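Novice: dropping a prediction and its sequence here:
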Amino acid sequence: MQVDNNYDAYQWFLNGNPIPGATSFSINPELYGAGDYTCLITKNNCETRLTTPYNYTLCPPISTTTYNIGSCNTKVIAPAFTNSTQTIIPSLTNIISAPTSGTATVNPATGQITYTPNPSTTSTIDSFIYYIQGNGNPFDFEYFKIIINTNVLQVNNGTLTTCFGTAYDLTSVSLSPDAGATVTYFADSNLSAQIMNPTYYPSPSGTVYATVTSQYGCSKPAQIILAVNPAPNVNNAALNSCAGAGGNGIYDLTSANISSESGVTVTYLQIQI
């Protein structure tokens, strides 16, 4: 704030009171606060005059609030003053800086602000600034910055293999990297036959259908492909040996043709199972 610098003396006033040391042609009102500023200007061998009052209002600091939502959600914000007791005029609530990854709309009847994220395949961080005004004279006003973290649920299909005659643990397959996600399993694509014990699910080869739900309530489908490894074909075998000391024979068990399939390993036991 300043006046012409061609005068010989200056004295600034705030609400009619002289400001100590404010004797330059310019002044920074943020150092002294809001109110009516005047300046007494003097020209040597001429006259002294007082300027017309200039009302200076300090802009309040911008409050910042962060919300976390899911991509299927909207966020409704009910504006409120930080300190003022004035009533907000809803029709004067306004979006000053619009979001870039969604829309923010104001209900002129209530002043409520609704944020809706744009469709996206990845999580986003968005922000906008809005303004509210009170009904006083002079009126209070305030700006608010809103940061929206939008989570887009990530899902993936999986496969699960078990041996013939054993059950599947469906929960051992990770269908989402998102923290807090929950999974409901179904035996049919219509999602009507829920699998109540997914940790023990005996089934032939096929497909299990799942609904993955994020911590924000957004859901997406996924599938688990089930495969069964068949039991190996095995043969009984007989080995002969000459009797040795004590009537016992010595046998090379690995020489018995238990199975001709590749990749089969054999464990030998002293008792029959």
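Specialist: Cool, the structure landed. Numbers count the residues shown, from 1 in each chain.
Novice: who does the helix or strand containing residue 67 pair up with?
Specialist: Using DSSP states H and E, residue 67 maps to strand 63-70. Note on strand 63-70: by DSSP bridges, its sheet partners are strand 141-151 (parallel).
Novice: and the helix or strand following the strand it pairs with, what's buried?
Specialist: On the C-terminal side of strand 141-151, the closest following helix or strand by DSSP H and E is strand 158-163. For strand 158-163, the buried set under the neighbour-count rule, 16 or more other Cβ atoms under 10 Å, comprises 158, 160, 162. Heads up, the C-betas are built off the backbone N, CA and C, glycines and all.
Novice: try stretch 227-246
Specialist: residue 228.
Novice: returning to that earlier point: what residues does the strand holding residue 67 touch?
Specialist: For strand 63-70, the surrounding residues in contact (Cβ atoms under 8 Å, 6 or more residues apart in numbering) are 75, 82, 115, 117, 142-153, 214-218.
Novice: filter the residues you listed to the buried ones?
Specialist: The neighbour count (16+ other Cβ under 10 Å) marks 75, 115, 117, 142, 144, 146, 148, 150-153, 214, 216, 218 as buried among the contacts of strand 63-70.
Novice: which of the residues you listed lies closest to residue 233?
Specialist: Comparing the buried ones among the contacts of strand 63-70 against residue 233 with Cβ to Cβ places residue 153 closest, at 45.1 Å.
Novice: which non-adjacent residue is nearest that closest one?
Specialist: Closest residue to residue 153 apart from its sequence neighbours, by Cβ to Cβ, 6 or more residues apart in numbering: residue 214 at 4.3 Å.
Novice: next: residue 168.
Specialist: Excluding its sequence neighbours, the residue lying closest to residue 168 (Cβ to Cβ, 6+ apart) is residue 201, at 4.7 Å.
Novice: quickly note the distance from that neighbour to residue 83.
Specialist: Per Cβ to Cβ, to the nearest Å, residue 201 is found 59 Å from residue 83.
Novice: between those two, point out the one with more neighbours.
Specialist: Taking other Cβ atoms under 10 Å, residue 201 and residue 83 do not tie; residue 201 has more neighbours (20 against 7).
Novice: so that one sits right up against residue 208, yeah?
Specialist: Yes. Under the criterion of Cβ atoms under 8 Å, residue 201 makes contact with residue 208 at 7.4 Å.
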